[in-house]
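Q: 3D model of this:
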Amino acid sequence: MKARIVAGAAGRPLAAAITTELGIEPTACVVERFPDGEVRPTVACVSGGDVYVVQPTGPPAGSHVVELLLILDACRRAGADRITAVVPYFGYARQDRRSRGGQAVGARVVANAIASTKVDRLVVVDPHTPALEAMCAMPVEMLTAVPILAHALRASIPSDAIVVAPDLGAVKLAEHYASQLGTRVVVVRKTRETGTRVRAEEVVGNIRGRPAVIVDDMISTGGTIEAAVRTLLEHGAAPDMVVAATHGLLVRPATDRLDALPIRRILVTDTIDQREKKPPSVDVHSIAPMLADAIGRLHRGQALDELLIRT
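A: Numbers count the residues shown, from 1 in each chain. Modelled structure (predicted):
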């Protein structure tokens, strides 16, 4: 059974890097777009293959989710023997529970939609919630980019830097970074007021006079980072900060917000294609070698243990 890499429109640069790492050619996938926005993907021959569909579901999340579903269905109908959805950024993972009546649980809806295509496995990277695995009917491999970003951080942060979780949801992630960097964790408590506005309330731990390394799974509008930075400064943190996040969505007004803050460096990975909109202050580190390693192991039936999120 031959391994085949199929890329959706949102995953082409990353998929190209993965196939280079694996030493194989990508399998063609042409996505036709109708004037009304409807998409119709057509995949090349994948009959009998072990197919890995690479498609992050970043902005615009809705259309990229639909495209992913159609490509998975196309691969199944084309006779693929085994199909793995490689979704480095899993959109809708923030909707893992209802915060008020009348809301949907978007993460479960998308997980069920993916399962309906009869996909055999789902691979994600640093999802917003570890509960995603429990929502999915198919096996889920939750990889982490923390070692990649921590390695990049080591050479550029002072020895007295402290890792900061910008909210309670990022504490476990921050602890993973701290263990990699040999430092401790400070936590900022926040309240989300709207999708773009966040209010930070207090800092748990001593940050006075120390440089901060703020870590999160994603940067969307930059509201969480902005609130954390301003609160850390109020509590005496050194005005020399670094931010690391796996997913750099960087939707408006993220760039303007981050540029106005005393942030020396921002590190993200290439789960989201940033070739056209990457600000100069953002460094992008590729997860292609890690994903190629994971795909190779899955193809050979080997364990992924050291690549997985520590929960």
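Q: distance of the spatially closest residue to residue 219 that is not a sequence neighbour from residue 224?
A: In space, and not counting its chain neighbours, residue 219 is closest to residue 245: 4.7 Å by Cβ to Cβ, 6 or more residues apart in numbering. The C-beta positions use only the backbone N, C-alpha and C, and glycine is treated the same way. Using Cβ to Cβ, to the nearest Å, residue 245 is found at 10 Å from residue 224.
Q: low-confidence ranges in the stretch 101-250 of the chain?
A: Counting by pLDDT under 70, the ranges of the stretch 101-250 of the chain that qualify are 192-200.
Q: Please enumerate the helices of it.
A: Per DSSP state H, counting those that start in this stretch, the stretch 101-250 of the chain carries helices over the ranges 106-115, 132-135, 146-154, 171-181, 223-234.
Q: just these: most buried one?
A: helix 223-234 (a mean of 22; mean count of other Cβ atoms under 10 Å).
Q: What is it packed up against?
A: Packing partners of helix 223-234 (3 or more Cβ pairs under 8 Å, 6 or more residues apart in numbering; DSSP states H and E): strand 185-192, strand 198-204, strand 212-219, strand 241-248, helix 254-259.
Q: Rebuild these as a markdown table, extending it with mean neighbour count and distance to residue 295.
A: Shown next, in a markdown table, are the helices and strands packed on helix 223-234 (neighbours: other Cβ atoms under 10 Å; distance: least, Cβ to Cβ, whole Å):
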| stretch | mean neighbour count | distance to residue 295 |
| --- | --- | --- |
| strand 185-192 | 19 | 32 |
| strand 198-204 | 15 | 36 |
| strand 212-219 | 26 | 22 |
| strand 241-248 | 26 | 18 |
| helix 254-259 | 17 | 31 |
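Q: looking at those, which is closest to residue 9?
A: With Cβ to Cβ, the closest approach to residue 9 among these belongs to strand 241-248: 17.6 Å.
Q: Give the helix, strand or coil label for residue 289.
A: State at residue 289, reduced to three classes by DSSP: H, G, I helix; E, B strand; the rest coil: helix.
Q: okay, now it: neighbour count?
A: 13 (other Cβ atoms under 10 Å).
Q: now swap in the one 10 residues further on and tell me
A: Other residues lying near residue 299 total 17 when counted by other Cβ under 10 Å.
Q: List the buried residues of the host helix or strand of it.
A: Secondary structure from DSSP states H and E places residue 299 in helix 288-300. Neighbour-count burial for helix 288-300 flags 288, 290, 291, 292, 293, 294, 295, 298, 299 (criterion: 16 or more other Cβ atoms under 10 Å).
Q: Stretch 266-277 now?
A: 266, 267, 268, 269, 270, 271, 272, 273, 274.
Q: got it, and stretch 92-108?
A: 92, 93, 94, 95, 96, 106, 107, 108.
Q: Contacts for that stretch, please.
A: Applying Cβ atoms under 8 Å, 6 or more residues apart in numbering, the contact partners of stretch 92-108 are 57, 61, 65, 90, 109-110, 124, 127-129, 131-132, 135.
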